[in-house]
Structures are given as C-alpha cells and as structure tokens.
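>>> Requesting a structural model of the entry that follows:
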Amino acid sequence: MKRHATKVGLAATGLEITRLGLGTGPLAGFGRSLAEDDCDALIAYALDQGINFFDTAPFYGFGKAEVRLGRGLLKNGKPYVLETKVGRVLDPAINPDKGIFTDVLPGVAPVFDLSADGVKRSIDESLDRLGLDHIDIALMHDIENHMDQAINEAFPVLAEYRSQGIIKGVGTGLNYCAETMRMINECDLDVVLIAGRYTLLDQEAGKELIPLAQKKNVAVLAAGVFNSGVLANPRAGSTFDYAPAPEEVIQRAIKIGAFLNERGVSLTAAALQFPIQNPGVTTVVIGASDASELEKNINEFNLDLPNGLWEELREAGLIN
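The predicted structure is shown next:
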C-alpha cells in the first residue's frame, strides 16, 4: 500500500486514519471560486486514492466547505473519518466580510461561542450542513483567546458526547504550541491539529508539544505544511501564515529549496514528508483546490527521499 493511504490508529478513539488527510478550507475558494462539480470530483478522487480522513470547520466559507464535503462524501459512498470543529457558530448577517474565502453561504457570519449551548448548537448545525448523521472527531478551533471558556465550558460538553458515543474523539485545532500544550495538560484530549508549527521553516512543535502529546497518548495532526504558501513557491509576494512573507523567510525557503535541489528533491516533496519523519506525528493534513493538485501532492508524499536527508538538513543548520 502506498504511504499516503497507509492507516494508523488514532490514539484511544478506535479510529484508523490515513497518513495523508484532506483539509477542506480550499473548498471555500481561496482566491478563486470553485465549481460544485470540481468540489465533488476532488472528494471522489481523494476517496478513490484511499484517503479516508477529512477535516472541515464551520468557519471555512461560513459553512460552505461543510456543505460541499458532506455532499461529496454521500455521493461516493466509501467509508470515511470526518473531523469538524466547534468554537464558532454562524449567526445571521447582512453583507458579512468574507475575508480569505471566495465561496460562502449567504446571510451568515461566524461568531465565537464556546459556551455549552454554543458547542451543542455548532455540532447540530454542522450535521445539518453536512447532511450526515454523525461526525467522528470534534476539535475546538482557534481558541487561543478563549482558553478558559474552552476548558471549563466547551470541553465538558465534548467529553460527555464522547462518553455517550455521539463522537469518538475530542481535540483542538490551533496555530499555537503553548495553548495546545495547555489543553493537552488540562483536558483529556485524543488529538491535536497543529498548523504551521512543524514544517521545514518552523519546528517549534517538535521541541515540547509533540513529546508531550506522545507522553499523553494524544495523536498529532500536522497541517499547514507549506506555511500557507511560501514553501510551495518561495518568491516575492508569497505568504507565510496567511500574511505577506518577510524577506528573511523567503530567503530561508529558497536556501532550503536549493539544498534539496542539489539532492534531486523538490521543496514541496520535502515539505509534505517532513512531519512524518517524526514518530510523534500521526497524519499530515493538506488542502487542495482540485483533483489535479491533490494528485501532485499524493505523488510527492509517496516519493522515496534519499537516506539521511533530514540529518543532512540538520547538519547544515537548515532545520532543527
């Protein structure tokens, strides 16, 4: 079986997910609107290639990504593991700011709500948008400014849902290591998704977060492996963590890319595979706007890289 479709156990949930998962933020249209048929084709391609793990959230397109993902999963009929998020609910709004999304559900805007009632509402409404009868994993999303409420109000609801079998796993989805570690220490989590903090440009999560998660038997999902773009195409105008990349970051990415090129390795292949060289990382979650983009990423994820490549990068001082 190819690397991307190899399944691994997800901590104590009883679930098995593939080493490559599909994140559905792009289903809300990053920079360009997506046709509904292309969204269906993307999900069908992922399932046909053996990917069984899908990550979404109410925030992505203000529900649009959930609608598109649910429809695609229902059309295909293959088994899947579905992860969505709580932390924001969608309230009525007139002409809301769409932010980074091109495709959004009309007339609603996301509002943070980590109250017990807000979490229950979020899951109920996600199920309605997905058109499905269950989700497998619920992550508390972007909670760095709402930590106490997440711990004291949101988590108990999710823990109760887990004990009742309504969901199988509870976790967090964050861009920050310190807050993720606090949640691991103070809540009984099954999984954490950490975006952008375990990449060729930023290995912060490898210092304390991943070792802590291993100790606590919490699965780590690595997302944002291109740091929102600069590791896919380091050049003037590229982005780093969804903002214009500083010149120093661009130059570091170019330097890493040149080092890899000398060894016959593309920067994108190394970026995709870097997280799983750490035994504490369960799965890499990537986004794609269409089937051809996902096909390229799958192929690069499956490439056999030269023995000792990561050690060479460390010895050269390019990664930690």
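>>> What's the local residue count around Asp188?
Asp188 has 13 neighbouring residues, counting by other Cβ atoms under 10 Å. Quick note: C-beta positions are derived from backbone N, CA and C, even for glycine.
>>> Show me where the stretch 201-320 of the chain has its helices.
209-215, 247-261, 267-273, 291-302, 309-315 (DSSP state H, counting those that start in this stretch).
>>> Considering only helices and strands, which part of the chain has the lowest mean pLDDT?
The weakest-scoring helix or strand in the chain, judged by mean pLDDT, DSSP states H and E, is strand 243-244 (a mean of 92).
>>> for that one, packing partners?
Contacting strand 243-244 under the criterion 3 or more Cβ pairs under 8 Å, 6 or more residues apart in numbering; DSSP states H and E is no other helix or strand.
>>> Show me what that strand is in contact with.
For strand 243-244, contacts defined as Cβ atoms under 8 Å, 6 or more residues apart in numbering pick out Gly237.
>>> Likewise for stretch 176-188?
Applying Cβ under 8 Å, 6+ apart, the set of residues contacting stretch 176-188 is 140, 143-144, 147, 150-151, 155, 159, 170, 172, 174, 189, 192, 194, 197, 204-205, 207-209, 212-213, 216, 218.
>>> Now that stretch: buried residues?
For stretch 176-188, burial by neighbour count (16 or more other Cβ atoms under 10 Å) applies to 176-177, 179-184, 187.
>>> Please work out the average pLDDT along that stretch.
Across stretch 176-188, the average pLDDT comes to 98.
>>> repeat for stretch 310-318
pLDDT averaged over stretch 310-318 gives 97.
>>> what comes up buried for it?
So, applying 16+ other Cβ under 10 Å, buried residues of stretch 310-318: 310, 313.
>>> measure the residue lying closest to Leu42 once chain neighbours are set aside to Ala35 for me?
Once flanking residues are discounted, Leu42 sits nearest to Ala291: 5.1 Å by Cβ to Cβ, 6 or more residues apart in numbering. Per Cβ to Cβ, to the nearest Å, Ala291 is found 12 Å from Ala35.
>>> so where do the strands sit in the stretch 151-300 of the chain?
Under the criterion DSSP state E, counting those that start in this stretch, strands of the stretch 151-300 of the chain are mapped to 169-174, 191-195, 219-223, 239-240, 243-244, 281-287.
>>> List the strands paired with the longest one, with their directions.
Its sheet considered, strand 281-287 pairs with strand 20-23 (parallel), strand 219-223 (parallel) by DSSP bridges.
>>> try the fifth one
Strand 243-244 has the following strand partners under DSSP bridges: strand 239-240 (antiparallel).
>>> doesn't Asp48 make contact with the residue nearest to Leu42?
No: if you go by Cβ atoms under 8 Å, Ala291 and Asp48 don't touch, sitting 9.3 Å apart.
>>> So which of those two has more stuff around it?
Ala291 (18 against 11).
>>> so who does Leu272 touch?
225, 284, 286, 297, 300-301 are the contacts of Leu272 under Cβ under 8 Å, 6+ apart.
>>> for the residue of the chain most remote from its centre, phi and psi?
The centre of the chain is farthest from one residue, Glu262, which by Cα atoms, centre = their mean lies 30.4 Å away. Dihedral pair for Glu262: phi -60, psi -20, per degrees, to the nearest 10.
>>> do the same with Asp202
Note on Asp202: backbone dihedrals following degrees, to the nearest 10 are phi -150, psi 110.
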